[in-house]
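Q: with the input below, show me the fold.
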Amino acid sequence: MLLFIDDATRQTNEYILQYKSEALEKFKEWKALREKESGKQVKRFRTDGGGEYTSKKFAECLKSKGILKETTTPYTPQSNGVVERANRTIMEHVRCMLDDAGLSKKYWAFAVSVAVYLKNRTPMRSVVGKTRYDTWHGSGRTSSLKDLRVFGCLAFVHVPKEKRKKLDYRATPGIFVGYSISTKQYFV
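A: As a prediction, the model looks like this:
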């Protein structure tokens, strides 16, 4: 799996790729959504030169949209230090969350989503009293922390009346693994 982190906004789960060949399509989705949300155009696309971003189709797409493609020097992560540090921090959080929850590595994508969700709701040094979420959404809108849950905690999913018999349990136990980007629901 490949991760396309959308660090400026809420989540990553809709940008976690199963195959590298999905990168162009997910980039187009991300670009359309973020441009509509912000009212601003994507002007630059910086990559480490990974194969998923070097195809002719990807280059043609960027060129047709007037997006400047920047490629960092191979094998020199320090040339893209801010992103490399952010990725390292996120992956350190992921390892800790999986270990603390006692979950296997197959849940890494959920853990990444939660790590980015939390990072975007953590105050920034550069803008005192604001989070990345607040800054992106602007106009005095602040992120709420009421919905936060511990990754890997016990969670119960309600079983609708129509799907149970008189003596059946009203909830099914599960493990909390994330937040939905499009609804006020959790992933269990």
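Q: centre of the chain to stretch 172-184, how far?
A: Here stretch 172-184 is found 14 Å from its chain centre; the criterion is CA atoms, centre = their mean, to the nearest Å.
Q: what of stretch 103-121?
A: Distance of stretch 103-121 from the chain centroid (CA atoms, centre = their mean) equals 8 Å.
Q: show me what counts as buried in it.
A: 103, 107-121 (16 or more other CB atoms under 10 Å). Glycine gets a C-beta too; all of them are placed from N, C-alpha and C.
Q: how about stretch 80-93?
A: By 16+ other CB under 10 Å, the buried positions in stretch 80-93 come out as 80, 87, 90, 93.
Q: so which of those residues is the closest to residue 72?
A: residue 80 (4.6 Å; CB to CB).
Q: the closest one and residue 49, how far apart?
A: For residue 80, the distance to residue 49 (CB to CB, to the nearest Å) stands at 10 Å.
Q: which residues do those two both contact?
A: Common neighbours of residue 80 and residue 49, counting by CB atoms under 8 Å, 6 or more residues apart in numbering, are residue 72.
Q: show me where pLDDT drops low in this protein?
A: Within the chain, the ranges that satisfy pLDDT under 70 run 1-14, 139-142.
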